[in-house]
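Novice: got a sequence here, can you model it:
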Amino acid sequence: MQLVTGLGPSLLSSAKENLPPMESAIPRIRQKATTKVEHIQNALDILQNARISLSECLLTVLDDSNQDFFDYRTAFFNKSNSWRLERFLELIWKHEKGSYTMKNWLKPHAVDYVCNLVSHELEAAKPSLMMNTDEVTPEFISTWDINSIMEPIAEKITPTWARVLHAATEPSTSKVDKAATSRSRNRRAGRNIISASVSYLRSFNSCKVQMAMGLVALSTGASRDLINIMHTSCLSISYTSISNMIRTLSARSIESARTLAATEPIGISYDNVNVSTSIFVEQVPGALSKVQSGTFSVLYRLCNARREDMLAAPIIERFQNSKGLTIADLRGSSLARESYQTQSIINIAQVLFKYVNGFENYRDRREFLHPPRRKLPDGHKTEFHPLQASTIEEASIEGNIQNHEDIMINQLCRDLDDLNKFLIPAINDQLTNARNRGAQVLRKKDLTPWSRREVLALGFGTFHLLMNLIWMILNTHRGSSEHIGSLTHLFAAMEKVRLGSEHPDFHTLLQALLQILDGLLLNAWRTECGYPSLNLYAESKPASIDILKTARAILRKYATPKESLERTKKPGQSNSKGLDGEESSDDEDTPSSSTGPMDSSNDPVHENVVRLTRDLLMVTELVNAVSVGDFGRVEDMLPDLACMFRGGGSNNYSTEILYFLHNLKEVWTPEFANIMRDNMLVNVSGLAGHWMAIDLNIEHLIGYLKVLFVAKGIYSNWERLGNLSACIGQLQTIKARVTRSLGTQYQGSTHTTRDPSALVWRIADKAKDCQLQQSVPRREDSKHVKLVSDLRFLGCTKFASSSLATFNKKLEDLKQGISTTQDEEDTLPVPDFLMEEGSE
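Specialist: Numbering: from 1, shown residues only. Model prediction:
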């Protein structure tokens, strides 16, 4: 073209003239293109003519021994061509005959490949499960969850192993959609356990799960042999490793307690612990004796407390300048008396709602809820730190002094300046408090407040108070089966005759007494409601104010001894409005208002039942107030309880209450008094309605500790018990965490809570049939029945005569450090209950 364009114009024109005409040019014929399929067909024809099969062609080309086809092999296996190879294999897999052949060929190769892949995955998972026994912390225990440990590993590190395990453990298709029941197995948790066991079998250090499982086995009382069997099965670490872990947890728990004691206001509680060890007479040197006694202590972080409100010096001075108590102090304030009466009216109304159908909507009405007096907030969870149990026996004054030293100096490493500067609330049973006061007298001439033990602010344990209260009521109202209306007579009606024995079970007795009270109140409702039956009364839908008026009438008629009703009103006495709008006398139903014992010779049965009902109302109010965390309601009852204990012969518990009342009134500042009030009860779970006395918590811990300390003979030593006691909180926590994580239950799937309604109605019917709540002059079956003591009236009389003066003399002796005043002996037998170890 360039040559043509380079010619002159004359040559171009000449060339055009010499070209043939267009119509005479040879036409161009375009051949049809050969398709890919035709090329392949041609190639296959060639192979067929050469008697070479397609498979033989591929084998020859792909055989590494044939170097002539190297370039073809390289292109065939090139990464850029991988999709074609994958498509090639997929087509074979989808073909019926090709799939059969490929499966037969693939099986050994696939197994080897999957095994190798699983091995690499589990090797990569080792760091995520690695932990040593000295790395266990309370934080690890409190957050342990097998699903959060194993499932991220399965998802990100071991997906192949997880897929294989899922296929191996999933049921057949016909069972997949089957509805789950309480008896269904937890496959999710089971697969996590299997994966953890496989990792532990692969590496001894991959034991995050096995550590927790070992602690749970220990916390449930598993023997050493069983733990070692679990270890061999890769479900737990060895018994020796668990012991090392317990020592680590114990040390870290004590360190946490030291940190708390150094920075926050604290209180203490402790009790004796008796541990049975070897059953053999012959002992290995250094092992425990058959029964070893010691002391177990618990440290508490105080609720609503500031250190500036706990300075010891001003309160010690206030004690030295304090006055004694007067009879007026045993009556309580008018507000406290009115509050107790209101709480009792509500308790009476709640019995109706509990056992009669049709009142369900009344139960939660505002007018039927207990008015709070000093209620701790819902959701509060008490922080406590068990300390190491020691071989010190607190059954003596010197033993208590040594235990104080062990707690504060040896274990908590407290600074002596702090010990001398701040008060330490110590809430224990009455006998322990008496020994602590003995220590204060014994050390009166020492140099510092701590060495004189003046920094101990003593409070009584409410659980032991309740235990002594129902023991006193049992002994006062026990009677015999021939004494109609007595507790023994009512126990027989309930078919609980063993409660009338010398050693009743505490929990069974408490529930039986509350059921008797409910039955008596139900019969009173049946009589006072104004309808032929309580069901008809419910159908009438009575107004709340009418129910409260009837409840008040029941309190006065069925739970107020006759001498309290026949009193004369004192000049200047004021009345107040109750919940039902009626006037309520300040002196109503208080011991000091009684003018003297009544002549109930006409019907002692009726009067005994009235007094029993009055006494049991105190029990139910004490139980209810403790369970909701309202110590203010407990405080309202203390003056009356002091009188009841004095009247019932429990002089020491009566005196213990007087010490507490004296401290509230004369010694403690208002701020510190509130600190004591707010820490008499604890809630270790943080759940509403689960408050308990602080001394009951330590009883639970001691019972649980005895279950843990199951080793016998040469395996028993006090160091192990001390380590177990210090980390008992972590053991309880890990037990709850594992139980929740695996989806297991504390109770069996068939467990049911027994309904006491039948027993309660049996008591109500017995009261109706025997006319226990009606005055029947010259009752035929009452010739052998004697009038029981009015505990409150009798106790108030004793205080007025000499007992209160004796207590004030004790106060003066305590101020001077004189131990000349002898403690009064109890005329009430020492409580002797059957207590199930470890029961809650």
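Novice: what's the following helix or strand after the helix or strand harbouring residue 88?
Specialist: If you go by DSSP states H and E, residue 88 is part of helix 82-94. Going down the chain from helix 82-94, the next helix or strand is helix 96-129, by DSSP H and E.
Novice: from the chain's centre, how far out does that next one sit?
Specialist: Here helix 96-129 is found 47 Å from its chain centre; the criterion is Cα atoms, centre = their mean, to the nearest Å.
Novice: and the helix holding residue 88, what does it pack against?
Specialist: helix 96-129 (3 or more Cβ pairs under 8 Å, 6 or more residues apart in numbering; DSSP states H and E). Bear in mind the C-beta positions are built from the backbone N, C-alpha and C, glycine included.
Novice: what's the nearest residue to residue 521 if we skip its chain neighbours?
Specialist: Leaving aside its chain neighbours, residue 521 sits nearest to residue 351 (4.5 Å; criterion: Cβ to Cβ, 6 or more residues apart in numbering).
Novice: residues in contact with residue 51?
Specialist: If you count contacts by Cβ atoms under 8 Å, 6 or more residues apart in numbering, residue 51 has none.
Novice: again with the one 3 residues further on
Specialist: Counting by Cβ under 8 Å, 6+ apart, residue 54 makes contact with 44, 47.
Novice: now it: how far from residue 48?
Specialist: According to Cβ to Cβ, to the nearest Å, residue 54 and residue 48 sit 9 Å apart.
Novice: now the helix holding residue 88: average pLDDT?
Specialist: Regarding helix 82-94, the rounded mean pLDDT is 82.
Novice: quick one: distance of that helix to the chain centre.
Specialist: 61 Å.
Novice: quick check: phi and psi at residue 63.
Specialist: phi -70, psi 120 (degrees, to the nearest 10).
Novice: just want the angle from the helix holding residue 88 to helix 96-129.
Specialist: If you take axes from the mean of the first three to the mean of the last three Cα atoms, to 10 degrees, helix 82-94 sits at 120 degrees to helix 96-129.
Novice: who touches helix 82-94?
Specialist: For helix 82-94, the external contacting residues (Cβ under 8 Å, 6+ apart) are 76-77, 98-99, 101-102.
Novice: ignoring the adjacent residues along the chain, who's closest to the residue nearest the centre of the chain?
Specialist: Residue closest to the mean C-alpha point of the chain, counted by Cα atoms, centre = their mean, is residue 685 at 4.2 Å. Nearest non-adjacent residue to residue 685, counting by Cβ to Cβ, 6+ apart: residue 381, 7.0 Å away.
Novice: just to check, the one you found is in contact with residue 682?
Specialist: No: taking contacts as Cβ atoms under 8 Å, residue 381 lies outside contact range of residue 682: 9.2 Å.
Novice: which of those two has more neighbours?
Specialist: Ranked by neighbour count (other Cβ atoms under 10 Å), residue 381 and residue 682 place residue 682 first, with 28 against 13.
Novice: so what's the residue count around residue 424?
Specialist: As a burial measure, residue 424 scores 24 neighbours (other Cβ under 10 Å).
Novice: got a list of what it touches?
Specialist: Going by Cβ under 8 Å, 6+ apart, residue 424 touches 266-268, 408, 455-457.
Novice: again, but for residue 404
Specialist: By Cβ under 8 Å, 6+ apart, the residues touching residue 404 are 439, 453, 456.
Novice: what sits closest to the last one if chain neighbours are left out?
Specialist: Translated: residue 456. In space, and not counting its chain neighbours, residue 456 is closest to residue 426: 4.9 Å by Cβ to Cβ, 6+ apart.
Novice: ramachandran angles for the one you found?
Specialist: The phi and psi values for residue 426, taken as degrees, to the nearest 10, are phi -130, psi 110.
Novice: residue boundaries of the helices in the stretch 401-550 of the chain?
Specialist: Applying DSSP state H, counting those that start in this stretch to the stretch 401-550 of the chain gives helices spanning 416-421, 430-442, 462-477, 487-493, 506-528, 534-539, 544-558.
Novice: residue 739: which of these is closest?
Specialist: In terms of Cβ to Cβ, the element of these nearest to residue 739 is helix 506-528, at 23.4 Å.
Novice: am I right that residue 292 falls within a strand?
Specialist: Yes: under DSSP: H, G, I helix; E, B strand; the rest coil, residue 292 sits within a strand.
Novice: now the nearest residue to it once chain neighbours are set aside: which helix or strand?
Specialist: Here the nearest residue to residue 292 in space, its sequence neighbours aside, is residue 275; by Cβ to Cβ, 6+ apart that works out to 5.2 Å. Assigned by DSSP H and E, residue 275 falls within strand 266-276.
Novice: again with residue 786
Specialist: Element membership for residue 786, per DSSP H and E: none, as it lies in no helix or strand.
Novice: list the contacts for it?
Specialist: residue 604.
Novice: run through the chain and note the low-pLDDT ranges.
Specialist: Counting by pLDDT under 70, the chain contains low-confidence ranges at 1-31, 172-184, 276-291, 563-601, 709-717, 745-753, 782, 820-823, 835-840.
Novice: before we move on, back to that, export the contacts of helix 82-94 as a markdown table, with columns for neighbour count.
Specialist: A markdown table is the format used below for those (neighbours: other Cβ atoms under 10 Å):
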| residue | neighbour count |
| --- | --- |
| 76 | 15 |
| 77 | 11 |
| 98 | 13 |
| 99 | 13 |
| 101 | 11 |
| 102 | 14 |
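Novice: which one of those is nearest to residue 510?
Specialist: For those, the nearest to residue 510 is residue 99 (73.6 Å; Cβ to Cβ).
Novice: hmm, back to that, of the contacts of residue 404, closest to residue 117?
Specialist: Distance to residue 117 across the contacts of residue 404 (Cβ to Cβ) is lowest for residue 456, with 66.6 Å.
Novice: I'd say the closest one and residue 443 touch.
Specialist: No: using Cβ under 8 Å, residue 456 is not in contact with residue 443, being 10.8 Å away.
Novice: of those two, who's got more company?
Specialist: Each of residue 456 and residue 443 has its neighbours counted (other Cβ under 10 Å); residue 456 has more, 22 against 18.
Novice: excluding its backbone neighbours, what's nearest residue 267?
Specialist: Closest residue to residue 267 apart from its sequence neighbours, by Cβ to Cβ, 6+ apart: residue 425 at 3.7 Å.
Novice: what number of residues lie near the one you found?
Specialist: 24.
Novice: list the contacts for it?
Specialist: Residue 425 neighbours (Cβ under 8 Å, 6+ apart): 267-268, 302, 457, 459, 675-676, 679.
Novice: among the residues you listed, which one has the most neighbours?
Specialist: In terms of neighbour count, residue 267 stands highest of the contacts of residue 425 at 26 neighbours, by other Cβ under 10 Å.
Novice: distance of that one from residue 260?
Specialist: Note on residue 267: its distance to residue 260, by Cβ to Cβ, is 11 Å.
Novice: ok, residue 680 next?
Specialist: Counting by Cβ to Cβ, the gap from residue 680 to residue 260 is 20 Å.
Novice: test my guess that residue 788 contacts residue 474.
Specialist: No: Residue 788 is beyond contact range of residue 474, at 11.7 Å (criterion: Cβ under 8 Å).
Novice: thinking again about what came up before, next, the contact list for the residue nearest to residue 685, please.
Specialist: The neighbourhood of residue 381, defined by Cβ under 8 Å, 6+ apart, consists of 683-686.
Novice: show me what counts as buried in stretch 381-389.
Specialist: Applying a neighbour-count criterion of 16 or more other Cβ atoms under 10 Å, one finds 382-389 buried in stretch 381-389.
Novice: strands - which of those land there?
Specialist: 384-386 (DSSP state E).
Novice: for those residues, which one is nearest residue 246?
Specialist: Among those, residue 386 lies closest to residue 246 (Cβ to Cβ), at 12.9 Å.
Novice: for beta bridges, what are the partners of the closest one?
Specialist: residue 298 (DSSP bridges).
Novice: quick check: the gap between it and residue 718.
Specialist: Taking Cβ to Cβ, one finds residue 386 at 16 Å from residue 718.
Novice: so residue 408 touches residue 420, yeah?
Specialist: No: the criterion here is Cβ under 8 Å, and residue 408 misses it with residue 420 at 11.2 Å.
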